[in-house]
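[1] next one to model:
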Amino acid sequence: MTVQADLEKCVAAAQAALGTYETFAASTLDESAKQMYKKLSSDMEHHVDMLRARLAYVTQNNPMNKPLN
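    Residues are numbered from 1 along each chain as shown. Predicted coordinates for the structure are as follows:
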């Protein structure tokens, strides 16, 4: 597996975790749990952004993605 493919899987997993935290925050009646899930969701949004930026960099700078002259 390539670094690019690994990052794509990592982004997908982080997005899934983000969705789970958002679902938990919306479905709980416990206010302290709701705040915890919202914080986890916010943190995960940051993780997703960082992973997407790294994936974009790797994709853009991958020599296999450049046309041959």
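
[2] what's the closest non-adjacent residue to residue 44?
    Computed as Cβ to Cβ, 6 or more residues apart in numbering, the closest residue to residue 44 that is not its neighbour in sequence is residue 18, at 4.2 Å. The way it works is simple: take the backbone N, C-alpha and C, and place the C-beta from them, glycine included.

[3] and for the one you found, the neighbour number?
    18 (other Cβ atoms under 10 Å).

[4] again, but for the one 10 residues further on
    Residues near residue 28, counting by other Cβ under 10 Å, number 14.

[5] pLDDT wise, what is the nearest residue to it once chain neighbours are set aside at?
    Leaving aside its sequence neighbours, residue 28 sits nearest to residue 34 (Cβ to Cβ, 6+ apart; 5.2 Å). Looking at residue 34, its pLDDT reads 98.

[6] and if you look at residue 65?
    67.

[7] what lies in contact with stretch 22-37?
    Residues outside stretch 22-37 that contact it (Cβ atoms under 8 Å, 6 or more residues apart in numbering): 21, 38, 41.

[8] what about the first one, distance to residue 57?
    Think residue 21. 26 Å (Cβ to Cβ, to the nearest Å).

[9] perfect, I'm done here.
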